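Engineer: my questions concern the predicted model and sequence given below.
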Amino acid sequence: MEAAKKLYVKSFGCQMNVYDAQRMADTLAPEGYVETASAEDADLVILNTCHIREKAAEKVYSELGRVRRMRDAAAAAGRRVTIAVAGCVAQAEGEEIIRRAPAVDLVVGPQSYHRLPDLLARAARDGKAVDTEFPIDDKFNHLAAPERAAIRSRGVSAFVTVQEGCDKFCTFCVVPYTRGAEISRPVDKIIAEVARLADAGVREVSLLGQNVNAYHGEGPDGHPWSLARLLERVAKLSGIDRLRYTTSHPRDMADDLVAAHRDLPQLMPQLHLPVQSGSDRVLAAMNRRHSRADYIAVVDRLRAARPDLALTSDFIVGFPGESEAEFGDTLRLVDDVGFSGAFSFKYSPRPGTPGAEMDDQICDAVKSERLQRLQEAIDRNQAAFNRRCLGRTVDVLFERAGRHPGQLVGRSPYLQPVQVMAPSSSLGQIAAVVVTEVSSNSLFGVLAQKSDHQPTQPPALLGAGA
């Protein structure tokens, strides 16, 4: 019997890359590949890349240097290792990757993962293979379904891509060029995938899309369904206790989706809603197609429907032409909304995007200084949010063992890591936990007695500002 071939996938960037990495592994499983946690053991190494920011792309080439040295060592020992670059850097740069890193055997864009077996055969035959086309056929119709054992090995929380691509064309963003136009998966395909996950023990599902709240997949009635209607259908599946969705655009927060936050108990009270800037002029230059007031109005609608909703966001500092006063608008927005957390980045000109051609590019020193001040404001608001959890009882889905004997780690409804001393039988279960201590990034607690368990947190937990 032929020995199994070992596959190592390293993903950079967004959660959709994590999902895509799992689908690549599922596609290659019938070809005899099994996943390994170590690149040194692998027969096939796939770097699943992100092209959103310059540093993310440069990390790939740095990692390729390390992988090439590892492959050279394997070759000296008589073992062949194949190197592939997948994801958005692959889509954007194509054959340039092989020119810059000749050790790479295969370059494959996000729309062609279902072709991996054929592409590997082509690379073995011809020495190299590149596929960065946008195929007419939908890749989701071809990607292999995960085996039950593979699902169980990945834990009790799972991502499911429901929408891919973006039609918004923000001037800083490469996603429309690397992921293509918006496409939504049919409802039946999504329900079948989530049902398989639930059957294998998954308790929490996050629906993914570059612009997920623009979802408009075909429903079983032959008509387009909204994300709210899809969430309602997924919530009816037995075994799925928690639902989330990401990433959203403020312009697509429809009334039925806002109502879903009020009406679906499975939909967790945490939402990632990128804003990027607090300045109307900068938002217009970014082609965000919403104002500061528009964003706050969306937040107000959401909190009216779900008063305990926690909001996280994305921010970019140093967009071309951003003045100190305009940056100050962003700092004030952080405090006005009272985010429970956020991702912040220095503007990175991406080749091919309108932002890269704009005048008044900001120097790196100014961007770095502004990023530090923004992060301080975000951290202050996050710490205040965590402090308001002290003494509260929260439901925790336990996902894995902690660093200490007898310790388990799970997630609160607000996505905070929670560390608790609990029996291993609690893994995969949801339990009430009294929060006894908070740190900058985690909560600590004890299992609640049944009499301690309170209903969902009252609105006082959240309020805006620090």
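Structural biologist: On my side now, so go ahead.
Engineer: packing partners of the lowest-mean-pLDDT helix or strand in the chain?
Structural biologist: Using mean pLDDT, DSSP states H and E, helix 148-153 stands out as the lowest-scoring helix or strand of the chain, at a mean of 72. Packing partners of helix 148-153 (3 or more Cβ pairs under 8 Å, 6 or more residues apart in numbering; DSSP states H and E): helix 15-28, helix 187-199. Using the backbone N, CA and C atoms, a C-beta is placed for each residue, glycine as well.
Engineer: worst mean pLDDT among these?
Structural biologist: Lowest mean pLDDT of the helices and strands packed on helix 148-153: helix 15-28, a mean of 86.
Engineer: that one: which residues count as buried?
Structural biologist: For helix 15-28, burial by neighbour count (16 or more other Cβ atoms under 10 Å) applies to 16-28.
Engineer: same deal with stretch 261-268?
Structural biologist: Counting neighbours by 16+ other Cβ under 10 Å, one finds that the buried residues in stretch 261-268 are 261, 264, 266-268.
Engineer: quick check: the farthest pair among the residues you listed?
Structural biologist: Across those, the longest distance by Cβ to Cβ is 11.1 Å; it joins His261 and Gln266.
Engineer: low-confidence ranges in the stretch 1-150 of the chain?
Structural biologist: The model of the stretch 1-150 of the chain has pLDDT under 70 over residues 1-2, 52-56, 134-144.
Engineer: quick one: contacts for the closest residue in space to Glu193 that isn't next to it in sequence?
Structural biologist: Once flanking residues are discounted, Glu193 sits nearest to Val160: 5.7 Å by Cβ to Cβ, 6 or more residues apart in numbering. Contact analysis of Val160 by Cβ atoms under 8 Å, 6 or more residues apart in numbering lists 19, 190, 193-194, 197, 205-208.
Engineer: let me know the angle separating the host helix or strand of Val160 from helix 187-199.
Structural biologist: Per DSSP states H and E, Val160 falls inside strand 157-161. Here strand 157-161 runs at an angle of 170 degrees relative to helix 187-199 (axes from the mean of the first three to the mean of the last three Cα atoms, to 10 degrees).
Engineer: so what strands line up beside strand 157-161?
Structural biologist: strand 204-208 (parallel) (DSSP bridges).
Engineer: mean confidence (pLDDT) on stretch 169-182, please.
Structural biologist: 87.
Engineer: for that stretch, measure first residue to last.
Structural biologist: End-to-end distance of stretch 169-182: 11 Å, with Cα to Cα, to the nearest Å as the criterion.
Engineer: which residues does that stretch contact?
Structural biologist: By Cβ under 8 Å, 6+ apart, the residues outside stretch 169-182 that reach it are 51-52, 88, 91-92, 109-111, 134, 163-168, 210-211, 214, 276, 285-288, 316, 319, 347, 350, 352-355, 358.
Engineer: narrow those residues to just the buried residues.
Structural biologist: Judged by 16+ other Cβ under 10 Å, buried ones among those: 51-52, 88, 91-92, 109-111, 163-166, 168, 210-211, 214, 276, 285-286, 288, 316, 319, 347, 350, 353-355.
Engineer: list the buried ones in stretch 210-230?
Structural biologist: For stretch 210-230, a neighbour-count test (16+ other Cβ under 10 Å) marks 210-217, 219, 225-230 as buried.
Engineer: spatially, which two of those are the most separated?
Structural biologist: The most widely separated members of these, counting by Cβ to Cβ, are Gln210 and Gly219 (21.2 Å).
Engineer: ok, the residue nearest to Phe345 when sequence neighbours are not counted - contacts?
Structural biologist: Spatial nearest neighbour of Phe345, chain neighbours left out: Ile316 (5.6 Å); criterion: Cβ to Cβ, 6+ apart. With contact set as Cβ under 8 Å, 6+ apart, Ile316 has these partners: 172, 276-277, 286, 344-347.
Engineer: need phi/psi at Ala42.
Structural biologist: For Ala42, the backbone dihedrals are phi -80, psi 150 (criterion: degrees, to the nearest 10).
Engineer: wait, I meant Leu408
Structural biologist: Backbone torsions of Leu408, given as degrees, to the nearest 10, read phi -120, psi 150.
Engineer: was I right to think it contacts Val420?
Structural biologist: Yes: with contacts counted by Cβ atoms under 8 Å, Leu408 reaches Val420, the gap being 5.7 Å.
Engineer: shared neighbours, those two?
Structural biologist: Phe398.
Engineer: so Ala383 touches Ser440, yeah?
Structural biologist: Yes: at 6.3 Å, Ala383 and Ser440 qualify as touching, with contact defined as Cβ under 8 Å.
Engineer: more neighbours: which of the two?
Structural biologist: Using other Cβ atoms under 10 Å as the criterion, Ala383 and Ser440 rank with Ala383 on top: 15 against 8.
Engineer: report the buried residues of whichever strand or helix holds Ala297.
Structural biologist: Element membership for Ala297, per DSSP H and E: helix 292-305. Neighbour counts over helix 292-305 (16+ other Cβ under 10 Å) mark 292, 294-296, 298-299, 301-303, 305 as buried.
Engineer: with stretch 59-79 instead?
Structural biologist: So for stretch 59-79, counting by 16+ other Cβ under 10 Å, buried means 59-60, 63-64, 67-68, 70-71, 74.
Engineer: want to throw the residues you listed into a markdown table with secondary structure?
Structural biologist: What follows is these, written out as a markdown table (DSSP: H, G, I helix; E, B strand; the rest coil):
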| residue | secondary structure |
| --- | --- |
| Lys59 | helix |
| Val60 | helix |
| Glu63 | helix |
| Leu64 | helix |
| Val67 | helix |
| Arg68 | helix |
| Met70 | helix |
| Arg71 | helix |
| Ala74 | helix |
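Engineer: kindly reformat those residues as TSV containing distance to Gly32.
Structural biologist: Output for these, formatted as TSV (distance: Cβ to Cβ, whole Å):
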residue	distance to Gly32
Lys59	30
Val60	27
Glu63	25
Leu64	25
Val67	21
Arg68	24
Met70	21
Arg71	20
Ala74	18
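Engineer: Pro186: which of those is nearest?
Structural biologist: Nearest to Pro186, judged by Cβ to Cβ, of those is Val60 at 33.0 Å.
Engineer: so who does Asp280 touch?
Structural biologist: Residues counted as contacts of Asp280 (Cβ under 8 Å, 6+ apart) are 291-292, 329.
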